[in-house]
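# structural data only, the sequence is not supplied:
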């Protein structure tokens, strides 16, 4: 019986990964809007008309996404024209798709620095095939920018420590890694949970006897990273302080969220991930063990060998702390999981099976499993289209608000915020927040 060779399997992996990415692009225009998307776009519009987050209206997300989206309202008359309002929604989703392309490329490049090209292709496929990636990835969310930034942080670290560079160039890369890590946090405070894992990796870099440079230059590298980390945080907080919302930014994003009244049982979404993507979970466990073992045995192993598993474990521990770990929290971890799972599967199968033929057959079986999962997701999309589970009713409600209310009217639409281009009737537009603030 003829079997596919490794090259042919890799080509099939690339085709399937492209199909999964294309499916996300296909859904972007018609899929139902999560209420969070309306909230984020409304916040961006508020900023564009001169309102100050946390001071003039309630918000419990960090502001970078809203600040970046605000300029699109400079050429869209969303208060008066329904077509312009729809254009703002669709343009924002298309910007998220650009973020997905960047995440895909960065995931491949990071995996490629640790393994061969076929393994990097598997890393991308595992990530794109994850159910939570498809559910969150096309929505207007800060998590997408946060993932781009922290993957960029790791790529800077890989470039700084993976080859011989002049001290000034190495230090600049460390500085940029700090800037990008802070940028990730300014997109979403959930990125804070990456810090413990990355801090461990940096301590190992500083004290490892296997590093070629002496300890003083390494200390200067870490200090450059710390300075880069602080600069964006200080600039953004200073901006809001001057606007009279410095304390409010800290209070609503960190203190309030830490004491959020509703809880989401950890087991529900975790079980969902295990059931729908067992290859990702099993591969991540195996890959974490493999990479930590490689780091333990080799003092000269690349920093990513420790940094990626440490970051993933750090995000995992965050599940025990964060009150409501929604799908978007898992989204932060999926690129790391994809890279680690790809390394785990390829390393373990190649080591345990011994012969190239057995290795190729096992990869083919893994590809068939992922293909079945992809087919199920495509069928789910088809079912949603057939049943009319799209955004047409939401857009109809948005049209009604724009055509039947004046721009200066206030609305009490609550969490669903179909009146996203009108002012809210009261500061705490989340009704559930009365438990905290009422």
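On my side now, so go ahead. Nothing here was measured: the structure is a model prediction, and the numbers come from that model.

# list of residues touching the helix or strand hosting residue 296?
Per DSSP states H and E, residue 296 falls inside helix 278-297. Applying CB atoms under 8 Å, 6 or more residues apart in numbering, the contact partners of helix 278-297 are 126, 129-130, 273-274, 301, 305-306, 308-309, 312-313, 334, 337-345, 347-348, 366, 369-370. The C-beta positions use only the backbone N, C-alpha and C, and glycine is treated the same way.

# tell me the buried residues in it?
Under the neighbour-count criterion of 16 or more other CB atoms under 10 Å, helix 278-297 has 279, 280, 281, 283, 284, 286, 287, 288, 290, 291, 294, 295 buried.

# what do you get for stretch 27-47?
Neighbour counts over stretch 27-47 (16+ other CB under 10 Å) mark 27-28, 31, 33-47 as buried.

# for that stretch, give the mean pLDDT please.
Throughout stretch 27-47, pLDDT has a mean value of 92.

# with stretch 369-381 instead?
92.

# next one: stretch 169-187 to chain centre, how far?
Stretch 169-187 sits 16 Å away from the centroid of its parent chain (CA atoms, centre = their mean, to the nearest Å).

# repeat for stretch 334-351
On the basis of CA atoms, centre = their mean, stretch 334-351 sits 19 Å off its chain's mean C-alpha point.

# tell me which residues in it are buried?
Residues of stretch 334-351 classed as buried: 334-349 (neighbour count, 16+ other CB under 10 Å).

# got JSON lines for the buried residues of helix 278-297, with pLDDT and distance to residue 159 too?
Shown next, in JSON lines, are the buried residues of helix 278-297 (pLDDT from 0 to 100; distance: CB to CB, whole Å):
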{"residue": "279", "pLDDT": "96", "distance to residue 159": "30"}
{"residue": "280", "pLDDT": "96", "distance to residue 159": "27"}
{"residue": "281", "pLDDT": "96", "distance to residue 159": "30"}
{"residue": "283", "pLDDT": "97", "distance to residue 159": "26"}
{"residue": "284", "pLDDT": "97", "distance to residue 159": "24"}
{"residue": "286", "pLDDT": "97", "distance to residue 159": "27"}
{"residue": "287", "pLDDT": "96", "distance to residue 159": "22"}
{"residue": "288", "pLDDT": "96", "distance to residue 159": "23"}
{"residue": "290", "pLDDT": "95", "distance to residue 159": "23"}
{"residue": "291", "pLDDT": "94", "distance to residue 159": "19"}
{"residue": "294", "pLDDT": "90", "distance to residue 159": "20"}
{"residue": "295", "pLDDT": "90", "distance to residue 159": "19"}
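
# pipe these into CSV and attach distance to residue 63 per row.
What follows is those, written out as CSV (distance: CB to CB, whole Å):
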residue, distance to residue 63
279, 37
280, 32
281, 34
283, 36
284, 32
286, 39
287, 35
288, 34
290, 39
291, 35
294, 40
295, 37
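
# of all these, which comes closest to residue 104?
Checking these against residue 104 with CB to CB, the nearest one is residue 280 at 15.8 Å.

# pLDDT below threshold where in this protein?
For the chain, applying pLDDT under 70 flags the ranges 1-4, 209-213, 262, 299, 413-417, 429-438.

# strands of that one, start to end?
Per DSSP state E, the chain carries strands over the ranges 410-411, 423-424.

# please identify the most buried of the ones you listed.
Compared across these, strand 423-424 shows the largest average neighbour count, a mean of 19 (mean count of other CB atoms under 10 Å).

# mind giving me the packing neighbours of that one?
Using 3 or more CB pairs under 8 Å, 6 or more residues apart in numbering; DSSP states H and E, the elements in contact with strand 423-424 are strand 410-411.

# sheet partners, orientation included, of the strand it packs on?
In the sheet, strand 410-411 lines up against strand 423-424 (parallel) (DSSP bridges).

# so how far is the strand it pairs with off the chain centroid?
How far strand 423-424 lies from its chain's middle: 29 Å, per CA atoms, centre = their mean.

# what's the answer for stretch 386-395, then?
Counting by CA atoms, centre = their mean, stretch 386-395 comes out at 26 Å from the chain centroid.

# how far away is residue 144 from residue 96?
From residue 144 across to residue 96, the span is 5 Å (CB to CB, to the nearest Å).

# equivalent analysis for residue 108, please.
Residue 108 is 19 Å from residue 96, where distance means CB to CB.

# in helices, which of the contacts of helix 278-297 appear?
Those of these mapping onto helices are 126, 129, 273-274, 305-306, 308-309, 312-313, 334, 337-345, 347-348, 366, 369-370, per DSSP state H.

# quick one: which of the buried residues of helix 278-297 is nearest residue 405?
Proximity of the buried residues of helix 278-297 to residue 405 (CB to CB) peaks at residue 280, which lies at 45.8 Å.

# tell me how far the closest one lies from residue 369.
Residue 280 is 11 Å from residue 369, where distance means CB to CB.

# likewise for residue 276?
Residue 276 sits 12 Å away from residue 369, taking CB to CB as the criterion.

# how about residue 358?
17 Å.

# ditto for residue 84
In this view, residue 84 and residue 369 are 45 Å apart by CB to CB.

# quick revisit: and which of the buried residues of stretch 334-351 is nearest to residue 14?
Residue 14 lies nearest to residue 342 out of those, by CB to CB, at 13.1 Å.

# residues touching that closest one, list them.
111, 115, 119, 120, 122, 123, 126, 283, 287.

# the second one contacts residue 345, doesn't it?
No: at 10.8 Å, residue 115 and residue 345 do not qualify as touching, with contact defined as CB atoms under 8 Å.

# count the residues that sit near residue 220.
When neighbours are counted by other CB atoms under 10 Å, residue 220 registers 15.

# hmm, I was thinking of residue 238
For residue 238, the neighbour count with other CB under 10 Å is 11.

# same thing with residue 80?
12.

# same question for residue 320.
8.

# wait, it sits on residue 314?
No: taking contacts as CB under 8 Å, residue 320 lies outside contact range of residue 314: 11.3 Å.

# circling back: pick the one among the buried residues of stretch 334-351 closest to residue 103.
When those are compared against residue 103 (criterion: CB to CB), the nearest one is residue 335, at 6.2 Å.
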